[in-house]
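Asker: predicted model, plus sequence, below.
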Amino acid sequence: KLKSSSFVEDNMVILEGECHGENNLDNESCKRKYFEDPQMRGMRYRAAVKVITDGTTRKVENRLEVKDATNAVLFITAETSFNGWNKHPFIEGKDYVKPCMDRLAALNDYDEIKAAHIADYKELYDRLLECLNNGIFSVNDGLSEYVADDIFNVLKFIERDHPELVWMTPEATVYSNSETGEAVSVELAFGTGLNCEPEMIAELQAKAENAAAELVEQASALEGDYEKALFVHEELVKRLSYDHELAAAVDEPTPEVKLNSSMYGAFVNNKTICRGYAQAYQYVMKKLGIECAYVSGKAEDTLHAWNLVKLDGEYYYVDVTWDDPTFKNGEESIKSHYYCFAPTSWMNKTHTPGDEVFYPECAVMDNNYYVRSGLFMDSYSYDNAKACIKNALDAGIVIELAFSSVVEYDNALDILVQQDDFRKIMAELGHET
């Protein structure tokens with residue numbers, strides 16, 4: 001634990017402290033000790049938090065209490081006395097208090113700071129993306145504003161945003177200034193470890209995009225975004241098979257495993273794993289001009305990938321993998337639509353997105369598959385069930401009924417099956433079971 005203290009000053013909470021010196025280990029207790037001798041002292045630091053709110057603030061000991069607020073924005077800065085690897089952090093340490101407080105004083109507008117942050121990283125994003133698209137894998141200038149983590153994070157998001165880069169791996173070798181930590185040059189990885197030339201990776205990308213072209217063209221002919229998004233969902237489920245052997249190999253992936261688990265495997269081989277399903281769906285949506293994101297996280301405690309799509313101004317989750325019967329059974333059977341334009345409340349039962357990206361709440365049901373298909377019931381009644389079953393029969397689709405809650409589902413299941421309502425309804429509609 002580092003030596004520190006905190007206090008409140010002018011509507012700010014300030015944390016100040018000192019790290020252990022290099023050689024201050026107590027041999028008897030094997031614990032770090034602090035000394036007054038400057039030679040034995042370590043790096044000092046300060047972190048400060050300022051709150052801007054429409055409510056009121058009150059000092060409570062070494063805390064700030066916010067009351068009667070509808071919003072509060074926290075601005076945080078930190079600075080250390082570190083002055084380079086060859087400088088003593090205490091004796092030769094740089095001023096850390098004034099830079100920390102000056103920076104915090106300048107922070108007042110959240111939207112302005114967010115816009116500047118996006119613009120800053122977009123410049124790096126666009127530059128690295130241009131290099132990747134043009135087969136340039138060495139970047140040797142213009143990186144001094146960034147550190148290695150900035151570059152690695154941007155590469156991860158490029159991979160998430162551009163499924164067509166089937167050969168890409170978000171890895172790089174970053175050479176940094178040893179004193180400042182600023183990036184000096186970057187060697188980008190490519191070919192997913194395939195050891196191929198830029199011409200070959202361009203061929204791999206072209207092969208995947210050409211294989212997807214027919215599906216893009218077919219979906220483009222449909223009228224609305226919902227119809228297009230549903231068509232692509234249906235076609236991917238129909239065309240693809242979940243590759244269980246590939247899934248078993250991802251823990252120690254070879255270059256071929258990486259390639260086949262991308263949209264390349266989906267469009268070229270017609271079999272892949274969740275990553276390939278999600279990339280394939282994302283790629284076609286982007287080609288259709290429909291906003292769609294790649295989501296990664298866990299499903300039932302297993303690493304998984306799925307999508308977030310925007311239809312008529314609202315977001316919905318899509319998991320083509322889990323709607324494909326070959327994922328669970330390993331063979332063809334009746335597909336599901338439970339994860340076809342689903343709300344967050346449905347997804348949360350089994351899926352947990354990672355925390356590296358903020359995902360909006362999906363609460364609107366207007367374009368949910370069951371709602372749009374007339375197969376959703378808030379509560380069970382004979383007439384409601386009959387109307388939903390008729391909708392499915394008239395549309396020539398599988399009869400799948402969805403309900404507003406587990407209680408309603410269990411109640412409907414009992415009445416439809418155990419009390420024979422389903423057979424009666426089918427008979428009335430002219431379909432014997």
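Answerer: Received, thanks. Because the structure is a prediction, the values reported are computed rather than measured. Numbers count the residues shown, from 1 in each chain.

Asker: return the distance of residue 38 relative to residue 18.
Answerer: Taken as Cβ to Cβ, to the nearest Å, the spacing of residue 38 relative to residue 18 amounts to 12 Å. For glycine as for every other residue, the C-beta is placed from the backbone atoms N, C-alpha and C.

Asker: repeat for residue 301
Answerer: Taking Cβ to Cβ, one finds residue 301 at 41 Å from residue 18.

Asker: mind checking which of the two has more residues around it?
Answerer: residue 18 (18 against 8; other Cβ atoms under 10 Å).

Asker: any shared contact partners between residue 38 and residue 18?
Answerer: Common neighbours of residue 38 and residue 18, counting by Cβ atoms under 8 Å, 6 or more residues apart in numbering, are residue 90.

Asker: show me where the stretch 151-300 of the chain has helices.
Answerer: 198-220, 225-239, 244-249, 255-260, 263-264, 274-287 (DSSP state H, counting those that start in this stretch).

Asker: just give me the lowest mean pLDDT stretch among these.
Answerer: Among the helices of the stretch 151-300 of the chain, helix 255-260 has the lowest mean pLDDT, at a mean of 89.

Asker: how far off centre is that helix?
Answerer: For helix 255-260, the distance from its own C-alpha centre to the chain's C-alpha centre is 21 Å (Cα atoms, centre = their mean, to the nearest Å).

Asker: list the helices and strands it packs on?
Answerer: helix 244-249 (3 or more Cβ pairs under 8 Å, 6 or more residues apart in numbering; DSSP states H and E).

Asker: now the helix it packs on: buried residues?
Answerer: Of the residues in helix 244-249, 246, 247, 249 count as buried by neighbour count, 16 or more other Cβ atoms under 10 Å.

Asker: pretty sure residue 89 sits against residue 39.
Answerer: No: with contact defined as Cβ atoms under 8 Å, residue 89 does not count as touching residue 39 (11.2 Å).

Asker: give me the number of residues near residue 404?
Answerer: For residue 404, using other Cβ under 10 Å, the count is 13.

Asker: brain fart, residue 231
Answerer: 17.

Asker: now do the contacts for the nearest residue to it once chain neighbours are set aside.
Answerer: Spatially, and ignoring its direct neighbours in sequence, residue 231 is nearest to residue 219 (5.2 Å; Cβ to Cβ, 6 or more residues apart in numbering). Taking Cβ under 8 Å, 6+ apart, we find residue 219 in contact with 228, 231, 232, 235, 284, 288.

Asker: do you know how far residue 219 is from residue 230?
Answerer: 10 Å.

Asker: ok, now residue 66?
Answerer: Relative to residue 230, residue 66 is positioned 45 Å away (Cβ to Cβ).

Asker: tell me which of these two has more neighbours.
Answerer: Neighbours around residue 66 and residue 230, counted as other Cβ under 10 Å, are more numerous at residue 230. The numbers are 22 against 15.

Asker: surely that one touches residue 318?
Answerer: No: using Cβ under 8 Å as the test, residue 230 is too far from residue 318 to be in contact (9.7 Å).

Asker: among the contacts of residue 219, which pair sits farthest apart?
Answerer: Largest separation among the contacts of residue 219 by Cβ to Cβ: 235 and 288, giving 12.5 Å.

Asker: quick one: average confidence on stretch 21-29?
Answerer: 60.

Asker: where does pLDDT dip in this structure?
Answerer: Counting by pLDDT under 70, the chain has low-confidence residues at 22-32, 190-196, 329-334, 433.

Asker: repeat that for 80
Answerer: Residues of the chain that meet the criterion pLDDT under 80 lie in 1, 21-35, 169-171, 178-181, 189-199, 328-335, 432-433.

Asker: could you report the neighbour count for residue 172?
Answerer: 19.

Asker: quickly list what it is bridged to.
Answerer: Beta-bridge pairing for residue 172 (DSSP bridges): residue 188.

Asker: I figured it hits residue 152, correct?
Answerer: Yes: if you go by Cβ under 8 Å, residue 172 and residue 152 touch, sitting 6.8 Å apart.

Asker: quick check on residue 86: phi, psi?
Answerer: phi -100, psi 10 (degrees, to the nearest 10).

Asker: count of neighbours near it?
Answerer: For residue 86, the count of nearby residues is 8 (other Cβ under 10 Å).

Asker: which ones are touching residue 375?
Answerer: Contacts of residue 375 by Cβ under 8 Å, 6+ apart are 369, 388, 391, 392, 399, 400, 401, 402.

Asker: confirm that the second one sits in a helix.
Answerer: Yes: secondary structure of residue 388 (DSSP: H, G, I helix; E, B strand; the rest coil): part of a helix.

Asker: give me every residue that touches the residue nearest to residue 343 when sequence neighbours are not counted.
Answerer: Leaving aside its chain neighbours, residue 343 sits nearest to residue 362 (4.8 Å; criterion: Cβ to Cβ, 6+ apart). Residue 362 sits next to 308, 314, 315, 316, 317, 342, 343, 344, 347 when contact means Cβ under 8 Å, 6+ apart.

Asker: inside strands: which ones of the residues you listed?
Answerer: Judged by DSSP state E, the subset of the contacts of residue 362 located in strands is 308, 314, 315, 316, 317, 342.
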